[in-house]
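Colleague: below: sequence and its predicted model.
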Amino acid sequence: MITQSDPDQESANQSGAKGVGEKVSIPPDWLAEFEAAARRPLEVRMRYSFIHTYKPVMDDAKYRSFETLENYRRWCEDNLPSWLGYGRL
């Protein structure tokens, strides 16, 4: 079980940075949600832990195959939005 820190410490923690081993105040509603989730069976937690996010272009075809890794990289650069993170560094 997770415990909350002393309310008097909360005002001291307003500065931002926390020291190693220092207790952090957890809002009661967050703590209640965490503990409720922890009581759920693993199968249920796994089902709700993965969220499908549509990825433009990537999700528009059933599959793609490339002759070489270079062809795949070139295709990514030419077709995918940069925010997906498939570009070269």
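Modeller: On my side now, so go ahead. Numbering: from 1, shown residues only.

Colleague: quick check: Glu77 vs Met58, distance?
Modeller: Glu77 sits 13 Å away from Met58, going by C-beta to C-beta, to the nearest Å. (Glycine included, C-beta is placed from N, CA and C.)

Colleague: next, count neighbours for Phe34.
Modeller: By other C-beta atoms under 10 Å, 12 other residues sit near Phe34.

Colleague: what mean pLDDT does the host helix or strand of it get?
Modeller: Using DSSP states H and E, the element containing Phe34 is helix 28-39. Average pLDDT, helix 28-39: 93.

Colleague: the following helix or strand past it vs helix 28-39, what angle?
Modeller: Next along the chain after helix 28-39, taking DSSP H and E as the criterion, comes helix 42-49. Going by axes from the mean of the first three to the mean of the last three C-alpha atoms, to 10 degrees, helix 42-49 is angled at 130 degrees with respect to helix 28-39.

Colleague: for the chain, give me the ranges with low pLDDT.
Modeller: In the prediction, the chain carries residues with pLDDT under 70 at positions 1-19.

Colleague: can you give the domain ranges for it?
Modeller: 7-49, 52-89 (automatic domain parsing).

Colleague: how near is the residue lying closest to Phe66 once chain neighbours are set aside to Val57?
Modeller: Closest residue in space to Phe66, ignoring its immediate chain neighbours: Tyr72 at 4.1 Å, by C-beta to C-beta, 6 or more residues apart in numbering. Plainly put, Tyr72 is 13 Å away from Val57 if you go by C-beta to C-beta.
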